[in-house]
Structure formats: C-alpha cells, structure tokens
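> structure for this input, please:
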Amino acid sequence: MPIYENDEHEFLSSKAKKIENNNYIKGLLFLTDKRIIFEKKGQKSFFRASPAELDINLFLYNVENANYAKPAFPIFTKQVLSIEYYGESQKLSRVDFAVKKSKSWVDQITRLATVAKRDESNRKEKEMLENKKHELDMARAKAPRANIGMAVFGDDKKKNPYENIRENMAEDSNNENLPDTAKRCPRCGFPVTDDMTYCPNCGYKLK
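Numbers count the residues shown, from 1 in each chain. From the prediction side, this is the model:
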C-alpha cells in the first residue's frame with residue numbers, strides 16, 4: 001500500500017500486471033487525484049521473502065494520453081491499459097498494464113489528468129510571477145530612488161501588480177545627477193545597472 005500525501009485521495013485500485021518485454025509483472029495499480037502508482041508484488045519463498053516494491057510513481061500532469069484495448073478472447077485475457085507520459089528526460093514513453101475494467105481507468109485518468117495539468121500550470125504561473133516580482137523588488141532596491149513604493153488598489157484579481165511601476169518611477173529617468181555613461185533601459189530609458197535582470201521601471205528583460 002503506497003503512502004499518500006495529506007491532500008491526496010485514492011479513486012481506483014486493482015490487481016494488475018505490468019507488461020514489459022512480453023513479460024507480466026504482478027502487482028497492484030493505484031490511481032489518485034495526483035498520481036498513478038504501481039507496486040510490484042512481493043516474493044515469498046521457503047528461505048526468504050521480499051516486500052512489495054514501488055515500481056511506477058507517475059504524476060498525472062505528465063500524462064499525455066490513456067487508452068485501452070479489448071482482447072480477442074476477453075474471457076481468458078484481461079484488457080490492456082496503455083498510458084503515454086513524459087518522463088524525467090521529457091521524452092514520450094508508454095507503459096502497458098493488463099487490468100480489469102480498463103475503460104473505467106481510462107475515463108478516470110483522462111479526467112483527473114486534465115485537472116492536474118491545469119493546477120500545475122497555475123502553480124508554475126504563480127511561481128513565475130513571484131520570481132519576477134522578487135527580481136523587480138531587488139532591482140528597485142538598487143535603483144537611485146529605492147524608496148519609491150508600489151501599490152495596487154481594488155479587488156480585480158487579474159490586475160497586473162506591476163502596471164503602475166512606470167508611472168511611479170518615470171521621474172527617475174530624468175535624474176540629472178546621473179553620468180552620461182550610465183546604462184539605460186532600451187525600452188524606456190530608465191537608468192539600470194549591469195546586475196539587473198529586469199528594468200525596475202517598465203519590467204523589460206535586460207538579460
């Protein structure tokens with residue numbers, strides 16, 4: 001039995017066989033709202049025993065496609081569940097399982113993977129915005145007028161929190177105390193330094 005995260009919920013579980021190089025590896029297949037997990041069945045013998053082993057731990061946002069195939073003689077053979085996914089090398093791979101009710105697995109995987117992809121995309125977008133905001137804050141701290149603030153008013157969640165930087169800091173671009181050789185943003189002409197990644201005035205990417 002795999003160990004789940006606190007906010008992870010199991011939707012399906014079943015005995016299954018992983019098909020690998022025409023060999024069938026017995027185990028248990030699990031589907032949660034975050035992962036597809038396959039545990040190899042432990043081995044028992046007269047002299048020793050080995051516990052179940054985690055063989056596949058696939059996050060749903062990496063799943064590209066899932067489908068199933070009905071066998072010619074369904075009475076004697078389980079249906080085949082095929083899952084295409086992107087691994088650590090970002091190459092498309094496939095794994096096949098012999099499992100009962102494979103259509104139900106395909107339907108649930110497709111639905112949950114769609115939600116997982118959306119959540120992962122939102123997480124990455126939020127992380128990118130936070131990193132950009134951090135870089136802008138660092139650039140502002142090194143700018144000639146580091147005490148200029150930025151505020152966003154209203155409850156519009158889609159409002160860009162950086163859109164008023166240009167207005168608040170535009171006066172610095174006319175700072176007469178700067179030497180003529182000072183570097184400036186190619187977009188707005190605001191003074192910048194070599195260690196800045198983004199312009200603190202307009203957000204233009206300098207590097």
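
> ok, the residue nearest the centre of the chain to residue 3 distance?
In the chain, the C-alpha nearest the mean C-alpha coordinate belongs to residue 120, at 4.1 Å (CA atoms, centre = their mean). From residue 120 across to residue 3, the span is 21 Å (CB to CB, to the nearest Å). Placement of C-beta: from N, CA and C, glycine included.

> got it, and residue 55?
On the measure of CB to CB, residue 55 and residue 3 end up 15 Å apart.

> for this structure, which spans come out with low pLDDT?
Per-residue confidence for the chain (pLDDT under 70) gives these ranges: 45-48, 71-77, 143-182.

> mind listing the helices in this protein by residue range?
102-142, 165-169 (DSSP state H).

> what's the closest of the ones you listed to residue 49?
Proximity to residue 49, assessed across those by CB to CB, is greatest for helix 102-142 (29.7 Å).

> show me what that closest one is packed up against.
Here helix 102-142 touches strand 10-20, strand 23-32, strand 63-69, strand 80-86, going by 3 or more CB pairs under 8 Å, 6 or more residues apart in numbering; DSSP states H and E.

> is it possible to export those to CSV including distance to residue 106?
Shown next, in CSV, are those (distance: least, CB to CB, whole Å):
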stretch, distance to residue 106
strand 10-20, 11
strand 23-32, 11
strand 63-69, 5
strand 80-86, 7
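
> tell me who's in contact with residue 91.
Shown in contact with residue 91 (CB atoms under 8 Å, 6 or more residues apart in numbering): no residues.

> ok, now residue 18?
24, 25, 27, 38, 40, 55, 56, 95, 96, 97.
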